[in-house]
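Novice: compute the structure for the input listed below.
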Amino acid sequence: MHAHLSAARLADALAVRDLTDPAAGPHALQSLLERAVGALADHWGCEVRWWRGERIVAVADNYDHLGYGADDISRDARYTRYVDDRRMLRSHSSALVPGALRALAADPSDDVLLVCPGLVYRRDSIDRLHTGTPHQLDLWRVTRRPARLTPDDLDEMVTVLLGALLPGSPHRCEERVHPYTLAGRQVDVASGDTWVEVAECGLAHPEVPARAGLDGEWSGLALGMGLDRVLMLLKGIPDIRLLRSTEPSVAAQMTDLTPYRPVSAMPAVRRDISVAVDRDDLVEDLGDRVRDALGADADCVESVEILAETPCGELPPQALARLGARPDQKNVLLKVVLRPLGRTLADREANRLRDRVYAAVHQGGAHQWAAND
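Specialist: A predicted model of the protein is given here:
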């Protein structure tokens, strides 16, 4: 049994706009998606089948049919938004693949590119590259031609895709293990002096199509991509929140793939807070609590960063008393950067937001508030 989303939280989650869906209005992510699909379809000359599916998916499609074990840590409620015991908000676009494969089994075609895009729901930190509702794209080439697909075909897929989306950008592949692939890899793209993960891929594990009713004559390539990050790299967008900005000077630039032109930046407000949290809490857990507590105001938070951690058992008695902490907890120093995209925060509003963040993450019995009203 897992904790289920309340009706209010589920409604809020389903109200988030899927920027890949033309039905909700145009967005640059849709142009990026079309470019990716067009490049592979033209290169392979295969049929293209789109499968958007629903945001609420069967737990079996999100996990079991992709090969995740019954005890996999990702099934924990810290990582999964359960609607009930059998359904959940999809945590990756790969959750759409089992349904797309079942549809292919019911209406076979010898060489198909399955396109499964959309919004997903993740536990994640808060910073300029991460959000709890990213957009992902699964691209699976599935064929029953006599020649089985190989790692060389996978290399070709990555090269064609990145050549279309991020031409001239160096990339590297590192080995990764996924339950739904063989010869799994992570794909990183160079951005300045750093490497940014943009995709994971591999040969489709034969048990995945088999569960959908496709027998052993089928083989496939599986690739999942983070669309937000690729768009940010392509356009030079510095902050993931800009993708959803309603500021006219920003929103007008989110309808095509031309380079982003920076608008005047609002000043940042920094607040450092010292809190007591469970010893197993990670920055992703704290990010989730902040998003849930702030709701629509979460967009005012540019980043939440852990500066230092200390087991509470190592703190002096006066520090424990100040936090109201237990020895089995840990003391975390957080840097909270507040910066709405379209306006400047007054000190009073910044302090109120700081206190809401503090209340969301602090699990001690004593509190230190910044706002006086």
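
Novice: ok, and the closest non-adjacent residue to residue 306?
Specialist: residue 283 (5.2 Å; CB to CB, 6 or more residues apart in numbering). (C-beta placed from N, C-alpha, C; glycine too.)

Novice: hang on, that neighbour packs against residue 304?
Specialist: Yes. At 6.9 Å, residue 283 counts as touching residue 304 under the criterion of CB atoms under 8 Å.

Novice: residues contacting the residue nearest to residue 306?
Specialist: Neighbouring residues of residue 283 by CB atoms under 8 Å, 6 or more residues apart in numbering: 125, 304, 305, 306.

Novice: ramachandran coordinates for it?
Specialist: phi -60, psi -30 (degrees, to the nearest 10).

Novice: for residue 206, same thing?
Specialist: According to degrees, to the nearest 10, the main-chain angles of residue 206 amount to phi -60, psi -20.

Novice: do the one 5 residues further on as well
Specialist: When read as degrees, to the nearest 10, the backbone of residue 211 gives phi -60, psi -20.

Novice: residue 315 now?
Specialist: Phi and psi for residue 315, reported as degrees, to the nearest 10, are phi -80, psi 150.

Novice: farthest pair within the contacts of residue 283?
Specialist: Within the contacts of residue 283, two members stand farthest from each other by CB to CB: 125 and 306, at 9.1 Å.

Novice: who's more crowded, those two?
Specialist: Ranked by neighbour count (other CB atoms under 10 Å), residue 125 and residue 306 place residue 125 first, with 20 against 15.

Novice: surely the more buried one and residue 304 touch.
Specialist: Yes. Taking contacts as CB under 8 Å, residue 125 lies within contact range of residue 304: 6.9 Å.

Novice: overlap in contacts of the two?
Specialist: Contacts common to residue 125 and residue 304, judged by CB under 8 Å, 6+ apart, are 283, 286, 287.

Novice: residue 213: which of the residues you listed is nearest?
Specialist: Distances from residue 213 to the shared contacts of residue 125 and residue 304, taken as CB to CB, are shortest for residue 287 (39.4 Å).

Novice: ok, residue 319 to residue 312 distance?
Specialist: 8 Å (CB to CB, to the nearest Å).

Novice: do the same with residue 179
Specialist: For residue 179 relative to residue 312 (CB to CB), the value is 37 Å.

Novice: circling back: identify the contacts common to residue 125 and residue 306.
Specialist: Common contacts of residue 125 and residue 306 (CB under 8 Å, 6+ apart): 283, 286.

Novice: would you list every one of the strands in the stretch 201-350 of the chain?
Specialist: 219-226, 269-278, 301-311, 329-338 (DSSP state E, counting those that start in this stretch).

Novice: pLDDT below threshold where in the stretch 151-300 of the chain?
Specialist: Of all residues in the stretch 151-300 of the chain, none has pLDDT under 70.

Novice: and the nearest residue to residue 224 once chain neighbours are set aside, bridged to which residues?
Specialist: What sits nearest to residue 224 in space, not counting adjacent residues and going by CB to CB, 6+ apart, is residue 138, at 4.9 Å. With DSSP bridges as the criterion, residue 138 is bridged to residue 116, residue 224.

Novice: now do the contacts for residue 138.
Specialist: When contacts are counted by CB under 8 Å, 6+ apart, residue 138 touches 92-94, 96-97, 114-117, 222-225.

Novice: what residues sit buried inside the strand or helix carrying residue 154?
Specialist: Per DSSP states H and E: residue 154 is located in helix 151-165. By neighbour count with 16 or more other CB atoms under 10 Å, helix 151-165 contains the buried residues 153, 154, 156, 157, 158, 160, 161, 162, 164, 165.

Novice: what does stretch 45-54 give?
Specialist: Using 16+ other CB under 10 Å as the test for burial, stretch 45-54 gives 46, 49, 51, 52, 53.

Novice: residue 85 is in contact with residue 58, correct?
Specialist: No. If you go by CB under 8 Å, residue 58 and residue 85 don't touch, sitting 10.9 Å apart.

Novice: the more surrounded of those two?
Specialist: Taking other CB under 10 Å, residue 58 and residue 85 do not tie; residue 58 has more neighbours (17 against 10).

Novice: and the residue nearest to the spatial centre of the chain, how far from residue 224?
Specialist: Centroid-nearest residue in the chain: residue 134, 3.9 Å away (criterion: CA atoms, centre = their mean). As judged by CB to CB, residue 134 and residue 224 stand 11 Å apart.

Novice: much appreciated, bye for now.
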